[in-house]
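Participant: everything below, folded, please.
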Amino acid sequence: MLTLQPDAVQWHLVEGEVMALDVVRREYFSVNGSGALLWRLLAEGTSDVLLARELSREYGLAEATAEADVADFLAVLRERRLLADT
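Facilitator: Next up is the predicted model:
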């Protein structure tokens, strides 16, 4: 299961976007609407398959496109050490 690292990031949903603070780096960043969808699912705990399925359903993307977008999004979170694989 994939989830956000609870001690590494603080976040709020603001007008459909996620505003987040990387606690370790002390950097603020935002995530747009499609990323916010993925973010909310990650906050609850999910899998990469379910993330791609929801992204495809919500935005009408081809399955392969959604899978690639999810992989890119997760790679950024892993690089920042904001993602926990349990």
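
Participant: which helix or strand contains the one residue sitting closest to the centre of the chain?
Facilitator: By CA atoms, centre = their mean, the chain has its centre lying nearest to residue 39, at 3.4 Å. Assigned by DSSP states H and E, residue 39 belongs to helix 33-44.

Participant: so which bits of that helix are buried?
Facilitator: Across helix 33-44, burial judged by 16 or more other CB atoms under 10 Å covers 34, 35, 36, 37, 38, 39, 41, 42. (C-beta placed from N, C-alpha, C; glycine too.)

Participant: look up phi and psi at the nearest residue to the last one once chain neighbours are set aside.
Facilitator: Of all residues beyond its chain neighbours, the one nearest residue 42 is residue 4 (5.2 Å), with distances taken as CB to CB, 6 or more residues apart in numbering. Listed backbone geometry of residue 4 is phi -80, psi 150, with angles given as degrees, to the nearest 10.

Participant: show me the contacts for residue 5.
Facilitator: Each residue near residue 5 by CB atoms under 8 Å, 6 or more residues apart in numbering is listed here: 81, 82, 83, 84.

Participant: can you get me a residue count around the residue lying closest to residue 44 once chain neighbours are set aside?
Facilitator: In space, not counting the residues next to it along the chain, residue 44 is nearest to residue 3; the distance is 7.7 Å by CB to CB, 6+ apart. Applying other CB atoms under 10 Å, we find 15 other residues in the vicinity of residue 3.

Participant: fine, thanks again, bye for now.
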